[in-house]
Every structure is written in C-alpha cells, then in structure tokens.
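Novice: sequence unavailable; structure follows:
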C-alpha cells in the first residue's frame, strides 16, 4: 500500500531547508544527466487537457506529476513516485503543496546561488500560494529581516504579511504599490498571474536579486524589457524548457547566461559583483516534483520507524 | 481525501455482472461520442516509457490510467478519477485489478453481444490474470458449465481450473494441448503473451465465439490467418486503436466488420447465423479503466453510507 499524502501532510512534514536542499540536489542531478526529465506529455479531452510531466532518477525512482487545464479553482494535482527497483508505487501526493513548494524551493536555491550573502530585505509582488512558497524558501537561505508585500488585494497582502510574521518570524507589512514593495530591497519576488508587467526595472536597487515566477512569454509576461535591461546576470533552471515556450520567451534566450543547474554544480559562477542585479527566471525544471516527493516520503518513512 | 483502492479492495467489491454492465455502458457512451478517449500520451525515460491513457465522460468525470514499460514483474499501475464538476480527485486505484477486470469485462460484453445464447462450454488458452478475468466475465453472461484450460505450465492450469471451480462453480480441468482445450467448445478465450500462433483455426467448432486478448500485430500475434479465415464476423472495441497499431494489425482492418460499440448501441447486429464463427479482437478501448473506477467508487461510497 503506497503512502497517500494530502496537502496537510506535506505542509506538516516538509520544512524549507529540506526542500531547498532537495532542489539543489535536483539541479546538480539534472546537470550531471542523472535526473531525466522528458518534455511534458498531454491528452486532449473536451474543453481541456490532462498533462503529465515525468522524471526519472536512474536506479532510484521514476514518476510523474499530472494536472489538467480545466481551470477548476479546487482542481487537484497528483504526484506519483515509483521505486525504480521493482516498479511499485511508493507514494502518491494529492493536491498543490508538492508542486508549489518545489517551485518555491527552486526559487530558494536560486536566491542561495545568486543573491548577495547579506541580502535581508524582501519585496514581494503577489500574495498567493506561489508568492508564499518563494518567501518560505528564501527565509531558509538568507537572514530575512523585513518583508513588504503588494498585490491587487490589500486584505490578502495583510494576511500574507501576518503569516510571514507568525510563521517566519520576520517584520512584514502590506504596502500600496509595487514600487513601494520593491524599492531599496535586497531581494524581489514576483509571483503573479498577471499577463502585463507589474515590476518596473527603475525600482530595482543595485545589487538586488529578483525571482520571476509568473508568466514570462512574449506578449504575456509579468515583467517588461526594462527589467531585463537592468540585469547583469540572468539565470533559469531549464534553458531547454525556456526555449520551448509557445508563445516564445519574452527575452532572447541568448541572454540566459547562467544555467542554474551548472551554477548548483559549481561549473558556472554565481554573482561576481555585489552591485550587479541578478534575475532568476523560474520555469519549473521538470521531474523536480517527483524528486521532492521522494524526499518527503523518506521523511515519513523514517518518522514511522522512530 | 480521495478513496485509495488496492487490488484487494477492487477484488472484494467488484462483481462480474457489474463490471460487464459498466463496459456495455462504456461501449454505448463511446458510440454516442460521450466517452472521449484520446490517443495515449507517453514520456520517454531511461530504459522505458511512462504511458497515460485518458478518458472523459462529459460533465461527469475525467481521468487516466498510467503504466510503464520497464517490465517489472510487480510494477504497479494507477487509475485516477477526477470529478468533472470541480476537478477534485475522487478515487485512485493502485495495481492491476481495475485494468485486468475492465479488459475481462469488455471480453464479457463481447461474448454477450456476439456468442450464441446457449454457449456453455469454454476452452481457455492461457492461465494468467487476463485469462482469468475473461472467464470471470464470461460466466456472468452465459450459462458456463465446463472449462478446459491449456498453457505452458500444467501446474498453473491446474490452479486456474481449481479457482474456476471454487469461485465460479463450474467443472474445470487442465488439459495438455491447445487443441484439446478448444475442440468442440462453444466459447474460446485466448489470452497469452505469445508472439506466435497458439490457436489453430481448424480446431474451432461451427458456431464458436472466440475472444483474442493477446498480441495481434503483424509478425507478432497469438493467432494466424487460419483463424481469421474461419471467422464469419470479426469485431473490435476500437477500430481506431486497431488501425493505429505499430507494427500494424495482423489482418486487414477492412475485415473488422463489427464495431462492438455500435453493436452495444443496437446500431449494428451481432451474430445472425448460429453456425457462424465470431471473433472478438480485444484492443482495450481507452478511457474504460476510468469508467470502471467510477462505478467501483460509487459502490464503495454507497456501501459507506448504508
């Protein structure tokens, strides 16, 4: 009988340091060719698609995430982990937490690899689940002291700030504009559903690091060319996935000078200049949901034993 | 929290009449265009593939079966059922039973729609899980009185026969050749992993009905042209899937004169001549695993309520 994990199980057991460490390991495994992540596969139904993104860590496990495009507010995803030795299913996670925490933890790994070591102030645009997991993971890798958050809903920003204080122990406040959230901050997280720019390049402080989590396609992006123009270093977790976007990526792929997998493996450098602005374009390296579920399942198994 | 069903759960709750009724309903739904079943989608891993076959019953549910091609003896499949109204996952089945019982029940539906009403004697070639579910479903639609079974392992045939007597209440015996299993029988089930013919057309009695469950591709089929030459009526549960085989189907697709979906819907006739030999080529109409899981989940839910 496989482990069946709900969102509550994942939230209760998976802490941010563990998640970020897992995603750093996943980036290195991908760089070394041990993490195999083929293009997504999909089946067309009436009014939507079912999508499968698969991953395989040679000799250890294989599995997939499935999700659909029907757009149900409470629609549930699945992440499935098979043992590579016998093909049995070791764990199944139902819901959103594995997916959003792995995206957050990839963002945390990017902050750890690219931001200034002393980065402590955070500006957040967006107050949803993805914005939260980015902050959750960031606080595991930098001495975060204060957070300003802006989104279209002041009430949601206030709740987000209260949660940051309660769960992460940091000073946090809702603010009334994106500029107010971003100006002077060491770290900037943009995690919205906007198809129009919400971040102004002019607001970025020298030496800032930016995680871009939302739409990043031509004609459909939460940032504009002014942000890219200020960046001295642009990284992504999967250049191949970024190249395959349709519509295409909102910037020339040649500007993606830092493959985050190579940075994690120590083959490419991170930041070289403390005043440089670094930008991480999060595309969601495939196979990483299963990678994270493997780690969560190991935690639960050891907890059962102890 | 979705229902998580093991093979034992499915075996305990799903009886053959329910399964066959579900597959007749699925055939009719497919004929009417309500059951949507796109081509399978797959992701290439190292040394194998992950495969997803999806299905969607408009306004009611959608979901998929996943399996892989690594060839592990104990590898587990998954069948997942989403509620179409809110996208939530209602049930997950882990293992083989949903898959093999749906194939068996499609075979049972074929027997019900194509075999003589008084068919009572059964010859089985093959003694594995697929052979068993074919017999299990057949016994729900015809007054089966005796069974003869042949496979490469006499011990497995003896166990199969003992199970048939114990669970289905029929006289059953292992025999020492395919010819002995098949000659004079009203119904013939061929469910092997053989890539060479194991059934001789000359052994088929007039009026027999044959279910062919194993390989049926050119150069890789458990039956030869002599079987096809004796058939007056050849049916399949999905002409489209049969046409898409690579290598191609072992017979001209033009010989598939009975779309079983249309027969189930009453649009095409079944058998017209009691002495005609009818053959069902089981290709496994896609989407039917999710269709069956929906019925099993409903049984469990009503059992919980009562």
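Specialist: Received it, and whenever you're ready, just let me know what you need. What you see is a predicted model, and the numbers here were worked out from it, not measured in a lab. Residues are numbered from 1 along each chain as shown, chains lettered A, B, ... in the order given.
Novice: show me where the stretch 101-250 of chain A has strands.
Specialist: If DSSP state E, counting those that start in this stretch is used as the criterion, the strands of the stretch 101-250 of chain A fall at A:121-125, A:146-150, A:171-174, A:187-190, A:209-212, A:216-217, A:220-221, A:233-236.
Novice: what about the longest strand anywhere in chain A and chain B, touching?
Specialist: As far as residue count goes, and with DSSP state E defining each element, the longest strand of chain A is strand A:48-57. Yes: using C-beta under 8 Å from any C-beta of the partner chain, a contact is recorded between strand A:48-57 and chain B, made by A:48, A:50, A:52, A:53, A:54, A:56. C-betas here are computed from N, CA, C, even on glycine.
Novice: same question for stretch A:65-78.
Specialist: Yes: judged by C-beta under 8 Å from any C-beta, stretch A:65-78 comes into contact with chain B through A:66, A:68, A:70, A:72, A:73, A:74, A:75, A:76, A:78.
Novice: and the first one, what does it touch?
Specialist: Right, the one you point to is residue A:66. For residue A:66, the contacting residues are A:50, A:51, A:52, A:77, A:78, A:80, B:52, B:64, B:66, B:80, by C-beta atoms under 8 Å, 6 or more residues apart in numbering or on different chains.
Novice: from what I can see the last one touches residue B:64, true?
Specialist: Read it as residue B:80. Yes: here residue B:80 lies in contact with residue B:64, judged by C-beta atoms under 8 Å, at a distance of 5.7 Å.
Novice: which stretches of chain A have low pLDDT?
Specialist: Residues of chain A meeting the criterion pLDDT under 70: A:302-306.
Novice: most neighbours, which of the residues of stretch A:65-78 next to chain B?
Specialist: When neighbours are counted by other C-beta atoms under 10 Å in any protein chain shown, residue A:66 leads those with 27 neighbours.
Novice: hang on, isn't residue A:153 packed against residue A:127?
Specialist: Yes: taking contacts as C-beta under 8 Å, residue A:153 lies within contact range of residue A:127: 6.7 Å.
Novice: check which helix or strand covers residue A:59.
Specialist: Mapping residue A:59 onto the secondary structure by DSSP states H and E places it in no helix or strand at all.
Novice: what sits up against stretch A:212-222?
Specialist: Outside stretch A:212-222, the residues that touch it by C-beta under 8 Å, 6+ apart are A:103, A:107, A:125-126, A:130-131, A:134, A:189-199, A:223, A:227, A:245-250, A:279-283.
Novice: dump the residue contacts of residue A:150.
Specialist: A:123, A:124, A:125, A:157, A:174, A:175, A:176, A:177, A:178, A:180, A:181.
Novice: buried residues, stretch A:175-191. List them.
Specialist: Within stretch A:175-191, the residues that count as buried by 16 or more other C-beta atoms under 10 Å in any protein chain shown are A:175, A:178, A:181, A:182, A:183, A:185, A:186, A:187, A:188, A:189, A:190, A:191.
Novice: hmm, I was thinking of stretch A:201-209
Specialist: Using 16+ other C-beta under 10 Å as the test for burial, stretch A:201-209 gives A:201, A:203, A:204, A:205, A:207, A:208, A:209.
Novice: and if you look at stretch A:283-290?
Specialist: By 16+ other C-beta under 10 Å, the buried positions in stretch A:283-290 come out as A:283, A:284, A:285, A:286, A:287, A:288, A:289, A:290.
Novice: now that stretch, how far from the centre of its chain.
Specialist: The chain centroid and the centroid of stretch A:283-290 are separated by 9 Å under C-alpha atoms, centre = their mean, to the nearest Å.
Novice: do the same with stretch A:74-93
Specialist: The chain centroid and the centroid of stretch A:74-93 are separated by 21 Å under C-alpha atoms, centre = their mean.
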